[in-house]
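Chemist: Here is a sequence together with a model predicted from it:
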Amino acid sequence: MPNQVPEFIYRRPSRRELLRSAGGGFGFVALSGMLGEAALKAAVNENAAGPLSPKSPHFPAKAKRIIFLFMEGAISSLDTFEYKAELQKNGGRSGPGGGTLAASKFQFKQYGQSGSWFSELMPNIAGHADELCWLRGLYTDTPAHPQAVVQLHTGSANAALTRPSMGAWLLYGLGTENQDLPGYVTINPPPNEGGAVNYGNAFLPAEFQGTRISDQGFMPNLKAASATTLQRRQLDMIQAMNRDFAAKSGAPDPVEGIIQSYELGFRMQGKVPELLDISKEPQTVLDAYGVKPGPEGSFARQCLMARRLSEAGVRFVEICQGGWDHHTGLHEGLINRCSLVDKCTSALLTDLKQRGLLDETLVIFGSEFGRLPMSQGPDGRDHNITGYPMFLTGAGVKPGFSYGSTDELGVKAVEGRMHNNDFHATLLALMGLDHLRLTYQYAGRPFRLTNVAGEVHKAIFA
Amino acid sequence: MDLTNRNASRGVFLGALWCSLAANSALLMGAPSATPQQIEFFEKRIRPIFVSHCYACHSASTKPAGQLRVDERYGLINGGESGPAIVPGDPAKSLILARIQNSDPKHRMPKDSEPLAASEIADLTTWIQDGAAWTPEQVPATALQKGAYYERLRAKLWSLQPLADPPVPKVALASWPARGRSGDIDRFILARLEEKKLTPVADADRLTLIRRVTYDLTGLPPTPSEVEAFLKDKSTDAYPRLVDRLLQSSAFGERWGRHWLDVARYAESTGPSRNIPYPHAWKYRDYVIDAVNRDVPFNRFIQEQVAGDLLPASSPDDRDRLLIATGFLAIGPKDVNQRFKERFLMDNVDEQIDTVSRSVLAMTVSCARCHDHKFDPIPASDYYALAGIFSSTDDAAGVRSKMGGAGLEYYDPDMLIKLTSHVVEAPADQVAQAKAAVAAAHKEWEVVKDTAEGQALEPDGKSKAAHYRDRYEKAQIDLLAVDDLGTRGFAVHGVRESAQVGDTAIRIRGEAERLGPVVPRGFLTAIHVPDAPAIAPEHSGRLELAQWLTSEKNPLTPRVIVNRVWEHMFSAGIVSTVDNFGSTGDKPMHPELLDYLARSFVREGWSVKALVREIALSRVYRLGSKSGPQQVAADPANHLLWRHAPRRLDAEEIRDSMLATSGQLQPKPAEGSAARTLRMIEMADNGEEARTIIEAADHASSRSVYLPLLRGVTPKSLEAFDPVGQSLVTGQRESTTVPTQALYLLNSAFVRKQSLALANRLLNEHVPEARAIGDAYTLTLNRAPSAAEVAHAEKFLGQYEELYRATPPSSKPPATVTPVVNTAPVAPKRDLAGQATDEERLGKPVVEEIVEPAGPKEAAWMSFVQALYGSAEFRFVR
């Protein structure tokens, strides 16, 4: 080996290193002569905008932004969105694989031209029947909340190797439209069930992590510590020092990025609180969403914040309503939970539509898994990972459409079967990304949101 | 038996085995020698019983009640909480038959259903009597015909070749290399530069040098008096003496121990999915810092962490030290909510294999869990040879797995390692009293739990039974506090030999319950270590593994650690992918230098301090960071080291530097960790316990290495600057630039507190303004300001003071804020015993600390200091 000629794999020099190599220091002038004006501009713009600048998708995107309404705990679809005549007929009889079938106690009705069934618990969402695109053949791997929630968000439940969340992958693949805002916001995420993993960047660079905001609109360190004039004065001082430092020979590359990130942070202090302040919305809008203080109004506030953030160009917004884990107290529990989400979800869809945003925004509503048709105790249902629904609506998907189904009792997906990995592959495709090509090299191999699986279900595409 | 041969031949043996499998296209696994008739009987008569009566509760797609699975043969044999469900050939001992025939419907299976038909019971009995045949696993015909392919890979992969003994090259510029042994490093570097007709840039000035070497060796800035002394010291050995002083300081261990803790994915809790604290993990942290400070030879350091419990000890204290060292294997992330115990076991084994192989060998062995490694010559049989070692080892982290458990259910006190010295007897009377209280509380709960009265909800939204359960749990916790060794601090997370030691089976596609052929315990066949010891049958093999890892003949171990040290001195390794020396990793930029260093490292007794010293004294380490046009043109990324690349301080250094310069740093090591008082009970990442930890971290003034580091609960003062991930071996930190860093530096209470402290310190000196400005620069940036900078600062201070007078601080009440969730002290969210309430989920608001100066002058100085802390220059070392 000592005499062997070593084979180099060069790291790619940074753009700044190239600029320097061409002209030395801030050698823009020299470089412009060599590359031509246009090429220089492109080079500098890309450098200036950084990793979050909008990137071209792999193929034309059907949707630009996503709003994910996460029903943490697993909503019972057989009491809300899935009418199963066989189940209603056979309540009290033995179920497949053991247990006793429990018919839903709620009344179902068909809505719209599509004739989709909804129970009396979701009268407002039912009004959007002809806009929704149902995935009714979903399934996942683990019937426990922590793993299933983490898998829904990151594509894998492996505790030892946390993966980037889907929002992080989207930012990595697409960047974001509004450079003055975080590109990925999660409001009121679950404190358990993987916690920060569900909006983390894992091994992707930190630029791509989700920004966590409370349902009161709080984000750490966002509130300016001193009056704007004072802070601007201080920032000018910092930036003067930074520019001096950047001008020194051999200054570290990231200094220019630091200078820009200060300006962005300073702008965010002004813009983000303004954006999250829903109190200035007209009363009609507040009423439509049902905004009120306290926990009962939490999801309504989140829906309205989500609309504002999405409208401002945030690539991925997730909002969360927990408390769906009805092993007991199913009846009362569902009445209560549905009352928290039905009206405001409907208001969000209407609002997006009226503003023309639904053409660019994909809305997703669903849980980490479903619940069984068999009863658990006198008034409960246990977890079901073998077949459950979610709905999508808005950009890129067929309206008034139902894809896939579970068996006649609602136990297992039999048609249009869509594994969690397929679901992710399909979402990425709607956003213009090929899940096979959206990879990141880490620990010696390329990683994907979809691991080594995933199939795009184009049947739902508009 | 000579293990070397055994090991070397295993690949061949298995290759042959697989070939014959391929020829057969199907191999019987797990249930040897089942006849086609037996298989048919199973498929027609037995599997349908399981599918239609049992799968709803006992299969892969359901929560396996009682942890029992009936959809795999191994699941039945391994059994659930009550023990093995079947004993092949012995119906009388097969629990499943007893349960399906139980006369009490409450305890009979299938639950809440009609009993099985007599014919079904008879079939099951016959099947068990007949050996419980199961349809064999199909092994894909394409699998594992890799002998020749792997041999080619092995021959090609640079890192698997023995260490070379390269001659030190001759250089033209003979006066450039440093004197002494460090000069050889310079000759290797310079020879390559000369090949490219390049010259190194000028040396760093002495000010830059002392700042650089002090940060690199201790993670702290030099004090102004240290700088002054060094600048004044004109003796020829001033620099070597500086390096020696730094190597001797306890701060060296705090800095370089932290480097190892990154690699050891150190953390004080299990992480997702149920986050259970490791309250004794800090003892392992302290062990690492101490070992680095004492310069325990690196080979010994690895042996202690992999097999400390099996090494001879010189005293009871030494025994405890060695037991604590094995925490390395135990403190990984664990999924305690895992529903299958075999999977829990094999996941943890996998985590240990991954950690050991990537930290010590920089090889990604884990790929071979599911299939033969695609890029590196690591067959699945090698993986399971290692797995046998770890499955013969008790992973005594103190936790057990349980799906949907709550409270103390995840804590297994017997699965901790008991310390041997200084153990204080539990006071008998208190123990008796606490036991009685537990019994009483348990009885109360039992009485009420299944009654209608017990299920009734109380005003707080919890059932009456849940309240009794909480009380019962509280009593159990009180008992633990008086009689449990772990809770009392006399036990640690670590490992020990299992009661049952033996080889394990290959798992088909990595699925824990699908057994392939058993492989003998052993090591990686691709790494040829001629003097590797044989694993004694009664050993787990960890001791032998430790010896194999640290053998002088192992080509990877010395290369990997030498490269890690190099990376910490130059910000980039000789091999840039410091945790990956496999085919997908990068090749060494200076391969001869790497081998030269590895050889001398081993020869000099594996001393990390000696290696750091050797590198620090080299000329190449002392280069300036200025740019040179000719060099930039030829090697823009500085691969050939014509200059010293600047690096950003890491999260710990940024926090420690602020504390050190503001005068707030607690110089002594912290005692223990804020996490030591936590119980091994699930913790919501924003609940009461997490909040206590975060607040403790906020107020701590010890070095960052001592901050509590629970997975998912990152101290706020580290969060902004790419803190280590804690879930995988991490040899290199990220260094991103994001606006949250700007917001942290502008608005956080921590930065403002340090700024105010330093501002007050400067004002209290009562010196002329220009002098105080100079002191601020000297403290924070280790340099004097230029005249222009002083003028600029004076102008800033004057203007700011005036502006501040005109805009007095709004005397708003402290901003109420935010999230914080789940405050139930001992009963976080449970699967069956009731969900968290919305109040718990949303949590109590927390108050962000407001830091306000006393008046305009203080405000101006505070703002100025904060600007220095916020400057890019502060966070870079050149």
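Modeler: Perfect, I can see it now.

Chemist: what number of residues lie near the closest residue to residue A:350 other than its chain neighbours?
Modeler: Nearest non-adjacent residue to residue A:350, counting by Cβ to Cβ, 6 or more residues apart in numbering or on different chains: residue A:288, 7.3 Å away. Quick note: C-beta positions are derived from backbone N, CA and C, even for glycine. Neighbourhood size, residue A:288 [other Cβ atoms under 10 Å in any protein chain shown]: 19.

Chemist: cool, and residue B:599?
Modeler: Residues near residue B:599, counting by other Cβ under 10 Å: 18.

Chemist: Show me where the stretch 301-450 of chain A has its strands.
Modeler: Along the stretch 301-450 of chain A, the stretches classed as strands by DSSP state E, counting those that start in this stretch are A:316-321, A:361-366, A:370-371, A:383-384, A:388-394, A:401-403, A:405-406, A:413-415, A:418-419, A:440-442, A:445-447.

Chemist: And the second one, what does it pack against?
Modeler: Using 3 or more Cβ pairs under 8 Å, 6 or more residues apart in numbering or on different chains; DSSP states H and E as the contact test, the elements touching strand A:361-366 are strand A:65-71, helix A:330-354, strand A:388-394, helix A:420-430.

Chemist: partners of the first one, with directions?
Modeler: For strand A:65-71, sheet partners with direction are given as strand A:316-321 (parallel), strand A:361-366 (parallel), following DSSP bridges.

Chemist: Report the mean per-residue pLDDT for it.
Modeler: Per-residue pLDDT over strand A:65-71 has a mean of 98.

Chemist: and residue A:133, that one's in a strand?
Modeler: Yes - the assignment for residue A:133 by DSSP: H, G, I helix; E, B strand; the rest coil puts it in a strand.

Chemist: Could you give me the buried positions within the strand or helix carrying the residue nearest to residue A:350?
Modeler: Using DSSP states H and E, residue A:288 sits within helix A:283-289. By 16 or more other Cβ atoms under 10 Å in any protein chain shown, the buried positions in helix A:283-289 come out as A:286, A:288-289.

Chemist: Look at stretch B:626-641 and report the distance between its end residues.
Modeler: For stretch B:626-641, the first-to-last residue distance is 12 Å (Cα to Cα, to the nearest Å).

Chemist: swap in stretch B:674-693?
Modeler: End to end - Cα to Cα - stretch B:674-693 spans 6 Å.

Chemist: Spit out the contact partners of whichever residue of the stretch 1-150 of chain A sits closest to chain B.
Modeler: Among the residues of the stretch 1-150 of chain A, residue A:146 lies closest to chain B, at 2.7 Å counting by Cβ to the nearest Cβ. By Cβ atoms under 8 Å, 6 or more residues apart in numbering or on different chains, the contact set of residue A:146 is A:192-194, B:272-274, B:335, B:337.

Chemist: Quick check: of these, which has the highest neighbour count?
Modeler: Ranked by neighbour count (other Cβ under 10 Å), the contacts of residue A:146 have residue B:274 at the top, with 34 neighbours.

Chemist: Can you show me the helices along the stretch 751-878 of chain B?
Modeler: Assigned by DSSP state H, counting those that start in this stretch, the stretch 751-878 of chain B shows helices spanning B:769-781, B:787-806, B:838-842, B:856-870.

Chemist: Point out where the stretch 101-250 of chain B drops to low pLDDT.
Modeler: B:137-146 (pLDDT under 70).

Chemist: quick one: the strands in it?
Modeler: Counting by DSSP E, counting those that start in this stretch, the stretch 101-250 of chain B contains no strands.
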